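>>> generate coordinates for the sequence data below:
(one chain, ligands or ions: 1)
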Amino acid sequence: MSFWTQEEFRILARLREGFLKGSAGLADYWKGAEELSLYDRTFAQRIGWKWDAVLSELSVRGWMPPAQRLVDWGCGTGIASRRVLEHWQGHFEAVTLSDRSPQARAFAFERLREAGATRNVRVVAPEETDCEGAVVLASHVLSELTHEQLRKALGQWKKAAALIWVESATHDNARRMVAEGREFFLEAGWKAVAPCTFSGACPLLRGENERHWCHHFARVPSEVHQDQGWREISLRLNLDLRVLPYSFVVLERDSGREPVSGVSRVIGTAREFKGHLKVLACDAGGVQDWMLQKRDAPDLYKELRKCEGLPLYRWRVEGGRIVEGVGKWV
Ligand SMILES: C[S@@+](CC[C@H](N)C(=O)[O-])C[C@H]1O[C@@H](n2cnc3c(N)ncnc32)[C@H](O)[C@@H]1O
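Okay, here's the model as predicted:
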C-alpha cells in the first residue's frame, strides 16, 4: 500500500513542476491548508535540512544575529523561521511572517503557534512588510520574483540589519542571487558573512567563471533513506535524495567582525580523479581549480573527499598543487 494518495502525488507533482519551470511566480498557487501541510511535510523538510546546514555554518563561524526581530519574507509554511527560532532559542522577541498568499501566512502562523511561539508574531502582506532593523530570512523565493518584484524586495531588505538568504542551487538561480542580491548589498556598504570569506566583488561573476555557480551540499538525515514515504516521493517525482545542493548568502549591515585574510571556501565538493582531487576554491584573490594529489597531503585528501567539516582552508600551494591546507578556520 502506498504511503501517499494519488491526489497527494498529483499535488506534489504540480507544485514541483511550477518550481522547476519557473511558472510558480505567476499567481498564488496555494490551494488550501491541506496542500500547505503536504508541502510542509515534504519539500519544506528538504529546505529545512538546507537551513540546518546554513545555521550550523553560521554558528561554527561564531556569528550571532544582530537583531531580535525576525522577518520571514515569502514565508510559505514558515520552515525558515521555525528552523531559525529553534537554532537560536530565546534570541528573537518578535516574528513577522510575510507572503503574498494569505493562506500561506495563516498556515505559517498556525505552525508557529503549535511550536509554542505566538508572542509577538505578526502576519503581513509583502507590501506592508517592515524590515527596518530586523533579521530578514528569504528562502526559495527568488525564482518566483520578476526583476521588478526583486528590486522592490531588495528595497525592503536593505533596511534590515542582516539577511539570511537560502536558495535552490541551479546555475541561474545561484548566479542571480549573487549578481542581483549579494552585489547590491555590498555596494550599499554591507558586509558578507557567509559563504564568502571576504566582502569584495564575487569572482564567480567574472567572464571566465561563467560556467561556475556558488553552491554547497547539505546532509540528508540518514533515516530518510529508510522511510517509505520519502522513497516513494523519490521514485514518483524523480527526486534524488542522496544529494541536497543549496546556495546561500548571509550579509549584515554593520559588521564588527574583522575580516580574516587568506582563507578560501571550497565550492561544491572536491571532484575525484585517479590519484588526485580537483578543488574549486574561492577567496578574495579569485576562483582557482587547484589539484590535490593524495601523496602530497593524505589526511587533507581524505577529509576533502569525505566532505568532512566546514570547507574553509588556508592553503599552501606549490606549482599549482595544494600541498597543505589548514582547515576548520573560524
Ligand atoms: C517555494 S515557496 C517557499 C516558501 C518558504 N520560504 C520555504 O522556503 O519553504 C515560495 C513562497 O514565496 C511566495 N511568493 C511568491 N511571490 C511572492 C511575492 N511577489 N511576494 C511575496 N511572496 C511571494 C509564495 O506564495 C510562496 O509561499
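
>>> quick one, what contacts residue 38?
8, 11, 12 (Cβ atoms under 8 Å, 6 or more residues apart in numbering). Heads up, the C-betas are built off the backbone N, CA and C, glycines and all.

>>> could you list the buried residues of the one helix or strand it maps to?
If you go by DSSP states H and E, residue 38 is part of helix 33-41. Neighbour-count burial for helix 33-41 flags 35, 36, 38, 39, 40 (criterion: 16 or more other Cβ atoms under 10 Å).

>>> ok, so of these, who is nearest residue 167?
Set against residue 167, the nearest of these by Cβ to Cβ is residue 39 (16.9 Å).

>>> for residue 163, helix, strand, or coil?
When classified by DSSP: H, G, I helix; E, B strand; the rest coil, residue 163 comes out as strand.

>>> follow-up on the earlier one: now the element after the helix holding residue 38, going C-ward?
Next helix or strand after helix 33-41 toward the C-terminus (DSSP H and E): helix 43-60.

>>> how about the CA coordinates for that following helix, as PDB?
Extracted in PDB, the C-alpha atoms of helix 43-60 (Å, rounded to 0.1, in the frame of the first residue of the first chain):
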ATOM      1  CA  PHE A  43       9.500  19.800   0.000                       C
ATOM      2  CA  ALA A  44       9.800  22.100   3.100                       C
ATOM      3  CA  GLN A  45      11.600  19.400   5.000                       C
ATOM      4  CA  ARG A  46      14.300  19.300   2.400                       C
ATOM      5  CA  ILE A  47      14.500  23.000   2.600                       C
ATOM      6  CA  GLY A  48      14.800  22.700   6.400                       C
ATOM      7  CA  TRP A  49      17.900  20.400   6.000                       C
ATOM      8  CA  LYS A  50      19.500  23.200   3.900                       C
ATOM      9  CA  TRP A  51      18.700  25.700   6.600                       C
ATOM     10  CA  ASP A  52      20.300  23.300   9.200                       C
ATOM     11  CA  ALA A  53      23.500  23.400   7.100                       C
ATOM     12  CA  VAL A  54      23.500  27.200   6.900                       C
ATOM     13  CA  LEU A  55      22.700  27.800  10.600                       C
ATOM     14  CA  SER A  56      25.300  25.300  11.600                       C
ATOM     15  CA  GLU A  57      27.900  27.100   9.500                       C
ATOM     16  CA  LEU A  58      26.900  30.400  11.000                       C
ATOM     17  CA  SER A  59      27.400  29.000  14.500                       C
ATOM     18  CA  VAL A  60      30.800  27.400  13.600                       C
END
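
>>> list the contacts for residue 117?
So residue 117 contacts 85, 95 (Cβ under 8 Å, 6+ apart).

>>> can I take it that it is in a helix?
No: counting by three-state DSSP, residue 117 falls outside a helix, being coil.

>>> how close does it get to the ligand?
17 Å (Cβ to the nearest ligand atom, to the nearest Å).

>>> just to revisit the earlier point, run the chain-centre distance for the helix holding residue 38.
21 Å (Cα atoms, centre = their mean, to the nearest Å).

>>> can I get that helix as CSV, trimmed to CA atoms?
Extracted in CSV, the C-alpha atoms of helix 33-41 (Å, rounded to 0.1, in the frame of the first residue of the first chain):
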residue,chain,number,x,y,z
ALA,A,33,-4.3,24.2,4.2
GLU,A,34,-4.1,20.5,3.2
GLU,A,35,-1.9,21.4,0.3
LEU,A,36,0.3,23.6,2.5
SER,A,37,0.5,20.8,5.1
LEU,A,38,1.6,18.4,2.3
TYR,A,39,4.3,20.8,1.2
ASP,A,40,5.4,21.3,4.8
ARG,A,41,5.9,17.6,5.3
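
>>> begin at 38, not 1, for the rest of this chat.
In the new numbering, first residue 38, that becomes helix 70-78.

>>> using JSON lines, lay out the buried residues of helix 70-78 together with pLDDT.
Below are those laid out as JSON lines (pLDDT from 0 to 100):
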{"residue": "72", "pLDDT": "97"}
{"residue": "73", "pLDDT": "98"}
{"residue": "75", "pLDDT": "98"}
{"residue": "76", "pLDDT": "98"}
{"residue": "77", "pLDDT": "98"}
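
>>> with distance to the ligand added, can I get these in CSV?
Formatted as CSV, the buried residues of helix 70-78 follow (distance: Cβ to the nearest ligand atom, whole Å):
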residue, distance to the ligand
72, 11
73, 9
75, 12
76, 7
77, 8
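
>>> ok so, going back, out of the contacts of residue 75, which is nearest to residue 141?
residue 48 (14.7 Å).
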